[in-house]
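# Model the following, please.
(chains A, B, C and D)
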Protein chains: 2
Amino acid sequence: MNQAGMTQEAMTQTRLDAVRLDGAGPIYDQIRRAVRDLILAGTWPPGTSVPPEHALMEQLGASRMTVHRALVQLAREGLITRRRRSGTIVASPPASHAMLDILSIPEEVERLGQRYDYEVLSREDGRPSAELALRFGLKRGEKVAHLVTLHRADGKAHVLEERVIHLATVPAAAAEDFSKTPPGDWLLGNSLWSQAEHAISAVPAEPDDAQLLDIGAGEPCLLIERRTWNQGSPVTAVRLLYPGSRHRFVGRFGPYGQV
Amino acid sequence: MNQAGMTQEAMTQTRLDAVRLDGAGPIYDQIRRAVRDLILAGTWPPGTSVPPEHALMEQLGASRMTVHRALVQLAREGLITRRRRSGTIVASPPASHAMLDILSIPEEVERLGQRYDYEVLSREDGRPSAELALRFGLKRGEKVAHLVTLHRADGKAHVLEERVIHLATVPAAAAEDFSKTPPGDWLLGNSLWSQAEHAISAVPAEPDDAQLLDIGAGEPCLLIERRTWNQGSPVTAVRLLYPGSRHRFVGRFGPYGQV
DNA sequence: TCTTGCCATTTGCATATGCAATTAGATAGC
DNA sequence: GCTATCTAATTGCATATGCAAATGGCAAGA
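Numbers count the residues shown, from 1 in each chain, chains lettered A, B, ... in the order given. Below is the predicted model:
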């Protein structure tokens, strides 16, 4: 191999060392979990190339078919994509989530064929007030960035976003002013998350919010609250307030799950 | 074999004949789809035993490992359950659906630890009025049962259900008075569905509905609309109106899908 | 320089084989 | 009858083997 080849080989070696089996359960499942964990932990970020089957096979002392089985399963779960000759790479998490696909508001608006813009209405960093802590379930001590953002579609209010970002988990957020990228999208590219919880409910618009959304006070709005964590540490919490009359969320499924 | 054995064998034969490959794509996937389709079509209802690997292997001329691969996938998808020696049986569809698990309202209420009861407020069978057809997207010609049901938790209005049932697809509904089982639960046991679509939105309560739900007119409500089909034929459509202040729907997921 | 064709790498699929684990049902023993 | 034991059916897992399909990248040729 040439020098470039050596570098390549060294990288592969590094990647291989990270794969550790825990001896619990079938070998193919140990391999699957080991690789999955490396991906979810961010050790192998999206785009990283996964070692080829032969390399894993030798490293782990398993047969190719066993390694193959593990990787095929991960591919079906959407964590990796595989192509003959090109090899296997870590996939990017899918942007959409059937029912609650509101990860990127710009995308959501543009998919409707409307022009998107947004405005950060306020921003404050520091320890949360009692009221804010209550609303987002924060502890008083933790430092957060608190942002209120209005998103527009074709110039009309689309959704009002109120968000806190945990600066201990995402320190880079302190230095970002979100003038070019709205907070939700910025977080997608600048933080990791491993779990989320969302809740959906119908609430009357508060007078202040109603004015911003250009609807009448007390009109029904769809409130989506989402909190995300990474390995147990809180990342962000957001409340998205949609004017009820202008929005529906639609999903499809079959008796055994998503179709 | 004894006579009982013969019967058993004959049944197995019947079941085997139903498995037909279409020649498209990998063999394991042809087998997987063939079996899946028999399950979804109701030919093999929940509880039916699937022929053992050896039988499928001989019937289809594939190796056992290939048959095995197909069945393992179906098991992972939740359509079948497998046990050594006992064999493979068709699974019952899971009762709950993470985000929109509102298939059974009695269960939903009892899970909250409250006493459930309900009342059918009105029922009419026949061809839909223009207004009804519009609201549920029906064709004027199709005969439907139209039901309005109020569900209560601890005696308080919980959700207002308005439903149409397509009598062409579910003829048995014509003879059922729903006095013992609410329509949604009755349908779960007396009809098949292969696809559903749901939509969620926030609407103000109409005066009539507000009175039934014991809230103020115009107060925000969460409206869940769901339509289900079986093999393309409409089965039922329902509008569930929840008082917004008393309900939240919660779900959890990870970056690559449901956790 | 550009194109064409070839080769080596990597994944995809199917088979054959063997053994392990589970357990329903039959059998033997009490 | 009841229980303990055995047998055989059935799935679960791992390996070895061989070939097919796709294709990145190199080499030869125009």
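
# need the residues of chain A near DNA strand D, please.
By the rule C-beta under 7 Å from any atom of the strand, the part of chain A lying against DNA strand D is A:25-29, A:61-66, A:83-86. Quick note: C-beta positions are derived from backbone N, CA and C, even for glycine.

# Of those residues, which pair is most distant in space?
A:Gly25 and A:Arg85 (31.8 Å; C-beta to C-beta).

# Looking at those two, which is more packed in?
Neighbours per residue, other C-beta atoms under 10 Å in any protein chain shown: of A:Gly25 and A:Arg85, the larger number sits with A:Gly25, 11 against 4.

# Let me see the backbone angles for that one.
phi 80, psi -170 (degrees, to the nearest 10).

# So for it, what's the pLDDT?
pLDDT recorded at A:Gly25 is 92.

# Name the SS class of the closest residue to A:Lys139 other than its chain neighbours, please.
Once flanking residues are discounted, A:Lys139 sits nearest to A:Ala133: 7.0 Å by C-beta to C-beta, 6 or more residues apart in numbering or on different chains. When classified by DSSP: H, G, I helix; E, B strand; the rest coil, A:Ala133 comes out as helix.

# same question, A:Trp44
coil.

# Ok, A:Glu58 next?
What three-state DSSP gives for A:Glu58 is helix.

# Please report how far it lies from A:Val164.
Distance from A:Glu58 to A:Val164, counting by C-beta to C-beta, to the nearest Å: 48 Å.

# May I see the buried residues of stretch A:123-133?
A:Pro128, A:Leu132, A:Ala133 (16 or more other C-beta atoms under 10 Å in any protein chain shown).

# can you check stretch A:141-148 too?
A:Val144, A:Ala145, A:His146, A:Leu147, A:Val148.

# can I assume the residue nearest to A:Lys139 is in contact with A:Gly141?
No. Using C-beta atoms under 8 Å, A:Ala133 makes no contact with A:Gly141, being 9.6 Å away.

# For the stretch 1-150 of chain A, which segments count as strands?
A:49-50, A:80-83, A:87-90, A:116-126, A:144-153 (DSSP state E, counting those that start in this stretch).

# what packs against the third one?
Right, the one you point to is strand A:87-90. strand A:49-50, strand A:80-83 (3 or more C-beta pairs under 8 Å, 6 or more residues apart in numbering or on different chains; DSSP states H and E).

# Make TSV from those strands and add mean pLDDT and mean neighbour count to it.
Below are the helices and strands packed on strand A:87-90 laid out as TSV (pLDDT from 0 to 100; neighbours: other C-beta atoms under 10 Å in any protein chain shown):
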stretch	mean pLDDT	mean neighbour count
strand A:49-50	94	20
strand A:80-83	95	16
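
# quick one: low-confidence parts of the stretch 1-150 of chain A?
A:1-15, A:94-103 (pLDDT under 70).

# contacting residues for the residue of the stretch 101-250 of chain A at minimum distance from DNA strand C?
The stretch 101-250 of chain A approaches DNA strand C most closely through A:Leu192 (24.6 Å), counting by C-beta to the nearest atom of the strand. For A:Leu192, the contact set (C-beta atoms under 8 Å, 6 or more residues apart in numbering or on different chains) comprises A:Gly42, A:Asn230, A:Val235.

# and A:Tyr116, what does it touch?
Counted by C-beta under 8 Å, 6+ apart, A:Tyr116 has contacts A:Ile105, A:Pro106, A:Val109, A:Glu110, A:His151, A:Arg152, A:Ala153.

# again, only using 7 Å
Residues near A:Tyr116 by C-beta atoms under 7 Å, 6 or more residues apart in numbering or on different chains: A:Pro106, A:Val109, A:Glu110, A:Ala153.

# any idea which of the contacts of A:Leu192 has the most stuff around it?
Most neighbours among these, by other C-beta under 10 Å: A:Val235, with 23 neighbours.

# Ramachandran angles for it?
phi -100, psi -60.

# How is chain A partitioned into domains?
Using automatic domain parsing, the domains assigned to chain A come out as A:3-90, A:98-253.

# So which of these is nearest B:Lys180?
domain A:98-253 (28.3 Å).

# one step back: A:Glu58 and A:Val164 - which one has more neighbours?
Between A:Glu58 and A:Val164, counted using other C-beta under 10 Å, A:Val164 has the larger neighbour count: 26 against 13.

# ok and the residue in the stretch 101-250 of chain A nearest DNA strand D?
Here the stretch 101-250 of chain A gets closest to DNA strand D at one residue, A:Ser194, 25.6 Å apart by C-beta to the nearest atom of the strand.

# any residues touching stretch A:42-62, and which ones?
Residues outside stretch A:42-62 that contact it (C-beta under 7 Å, 6+ apart): A:12, A:15-16, A:18-19, A:21, A:27, A:31, A:35, A:38, A:63-64, A:67-68, A:71, A:80, A:87-92, A:192.

# Buried among those residues? Make that a PyMOL selection.
To isolate the buried subset of the contacts of stretch A:42-62 in PyMOL, counting by 16+ other C-beta under 10 Å, use the following:
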select buried, chain A and resi 12+15+19+27+31+35+38+67+68+71+80+88+89+90+91+192
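
# Give me the subset of the contacts of stretch A:42-62 that lies in helices.
Per DSSP state H, helices hold the following members of the contacts of stretch A:42-62: A:Thr12, A:Arg15, A:Leu16, A:Ile27, A:Ile31, A:Val35, A:Leu38, A:Arg64, A:Val67, A:His68, A:Leu71.

# farthest pair in the residues you listed?
A:Thr12 and A:Ile27 (21.2 Å).

# shouldn't A:Glu219 be in contact with A:Pro207?
No. If you go by C-beta atoms under 7 Å, A:Glu219 and A:Pro207 don't touch, sitting 10.9 Å apart.

# Between these two, which is the more surrounded one?
More crowded of A:Glu219 and A:Pro207, by other C-beta under 10 Å: A:Glu219, with 19 against 10.

# and the more buried one, what is it in contact with?
A:Pro204, A:Ala205, A:Ala210, A:Pro243, A:Gly244.

# Quick one: neighbours of the second one, just the number.
It refers to A:Ala205. For A:Ala205, the count of nearby residues is 24 (other C-beta under 10 Å).

# for it, what are its contacts?
A:Leu213, A:Ile215, A:Ala217, A:Gly218, A:Glu219, A:Cys221.

# Export stretch A:84-94 to CSV, keeping only CA atoms.
These are the backbone C-alpha positions of stretch A:84-94, laid out as CSV (Å, rounded to 0.1, in the frame of the first residue of the first chain):
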residue,chain,number,x,y,z
ARG,A,84,-21.6,-2.9,-2.8
ARG,A,85,-18.0,-2.0,-3.3
SER,A,86,-18.5,1.4,-1.6
GLY,A,87,-18.9,-0.1,1.8
THR,A,88,-21.0,0.8,4.8
ILE,A,89,-21.4,4.3,6.2
VAL,A,90,-23.3,5.7,9.2
ALA,A,91,-26.6,7.1,8.0
SER,A,92,-27.9,10.5,8.9
PRO,A,93,-30.9,10.4,11.2
PRO,A,94,-34.0,10.8,9.1
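
# quick one: it near DNA strand C?
Yes. Residues of stretch A:84-94 contacting DNA strand C under C-beta under 7 Å from any atom of the strand: A:Arg84, A:Arg85, A:Ser86, A:Gly87, A:Thr88.

# nearest to chain B, of these?
Lowest distance from chain B to those (C-beta to the nearest C-beta) belongs to A:Arg84, with 14.3 Å.

# Counting neighbours, what do you get for that closest one?
Around A:Arg84 there are 5 residues (other C-beta under 10 Å).

# what's the answer for A:Ala153, then?
The burial count for A:Ala153: 20, using other C-beta under 10 Å.

# How about A:Asp214?
Counted with other C-beta under 10 Å, residues neighbouring A:Asp214 total 9.

# All the helices of the stretch 151-259 of chain A, residue numbers only.
Taking DSSP state H, counting those that start in this stretch, the helices of the stretch 151-259 of chain A run over residues A:183-190, A:207-213.
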